[in-house]
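Colleague: What would the 3D arrangement of this be:
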Amino acid sequence: MDRYVTGDVIRALREKKGMTQEALAQRLFVSAKAVSKWETGKGYPDISLLEPLAAALDISVIELLNGQSVSNRNRAGNMIRGKWYVCPVCGNVLFAAGEAVISCCGITLPPLEPEAPDEDHRLEVRRVEDEYLVTVDHPMTKDHYLSFLAAVSDRGVQLIKLYPEEEALARFRIEGVRRVYGYCNRHGLFAIKL
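Modeller: Numbering: from 1, shown residues only. Next comes the predicted model:
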């Protein structure tokens with residue numbers, strides 16, 4: 001828990017709101033000295049104060065625990081620059097059009113960085129009428145498989161969830177698809193541009 005509610009974030013958010021340490025302390029029913037200790041890293045807020053502290057600073061508890069404030073610099077929501085997240089516990093797949101703090105099963109998930117496919121993860125894309133047929137020659141065993149295939153355009157995301165012991169293929173509407181992604185449960189995210 002080395003990033004548990006950093007004092008720098010508390011101070012920066014407090015100052016951004018134009019609050020003094022005393023004003024924040026009064027809202028939380030603690031002393032100004034306690035707030036000073038949090039901001040200098042000499043102490044941490046009690047867990048019962050996390051929700052009130054987050055509310056007082058206009059930030060989510062997840063952002064507070066993550067140790068950083070997230071502001072969406074991608075206001076246009078460019079889908080091509082979106083971020084993928086996969087929970088290592090439950091396998092939940094999440095896509096965010098902009099910067100986000102994503103948490104699942106009690107874990108803050110890092111955004112995945114796609115790599116170029118290697119020999120074992122080569123995406124084959126064929127046009128079949130008004131769709132792209134995407135296939136991958138990849139093992140689909142219970143221990144090693146592709147979890148999903150996805151196609152991203154400027155306007156949206158198409159995601160096909162895959163399961164062990166089935167074929168690694170998906171069909172996507174062509175409508176402006178610019179990237180195709182695959183996710184291997186052992187080797188991570190890979191992508192190609194179309």
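Colleague: Quick check: the gap between residue 124 and residue 182.
Modeller: According to Cβ to Cβ, to the nearest Å, residue 124 and residue 182 sit 11 Å apart. The way it works is simple: take the backbone N, C-alpha and C, and place the C-beta from them, glycine included.
Colleague: now swap in residue 41 and tell me
Modeller: Taking Cβ to Cβ, one finds residue 41 at 42 Å from residue 182.
Colleague: residue contacts, the nearest residue to residue 155 once chain neighbours are set aside?
Modeller: Spatial nearest neighbour of residue 155, excluding adjacent residues (Cβ to Cβ, 6 or more residues apart in numbering): residue 176 at 6.2 Å. Counting by Cβ atoms under 8 Å, 6 or more residues apart in numbering, residue 176 makes contact with 153, 154, 155.
Colleague: Phi and psi next, for residue 176.
Modeller: phi 70, psi 20 (degrees, to the nearest 10).
Colleague: ok, it to residue 43 distance?
Modeller: With Cβ to Cβ as the criterion, residue 176 and residue 43 are 52 Å apart.
Colleague: Name the residues of the helix or strand of the chain with the lowest mean pLDDT that are buried.
Modeller: Ranked by mean pLDDT, DSSP states H and E, the helix or strand of the chain with the weakest confidence is helix 61-66, at a mean of 75. By neighbour count on 16 or more other Cβ atoms under 10 Å, the buried set for helix 61-66 is 63, 64, 65, 66.
Colleague: Ok, stretch 167-187 next?
Modeller: 168, 170, 172, 177, 179, 180, 181, 182, 183, 184, 185, 187.
Colleague: Looking at these, which is nearest residue 78?
Modeller: residue 179 (11.8 Å; Cβ to Cβ).
Colleague: in what helix or strand does the closest one lie?
Modeller: strand 177-184 (DSSP states H and E).
Colleague: circling back to that earlier point, quick check, pLDDT for the residue nearest to residue 155.
Modeller: In this model, residue 176 is scored at 90, pLDDT.
Colleague: Quick one: the helices in this protein, in order.
Modeller: Along the chain, the segments classed as helices by DSSP state H run 7-16, 21-28, 32-39, 50-57, 61-66.
Colleague: Make JSON lines out of those and add distance to residue 142.
Modeller: As requested, those are arranged in JSON lines below (distance: least, Cβ to Cβ, whole Å):
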{"stretch": "helix 7-16", "distance to residue 142": "42"}
{"stretch": "helix 21-28", "distance to residue 142": "49"}
{"stretch": "helix 32-39", "distance to residue 142": "47"}
{"stretch": "helix 50-57", "distance to residue 142": "39"}
{"stretch": "helix 61-66", "distance to residue 142": "32"}
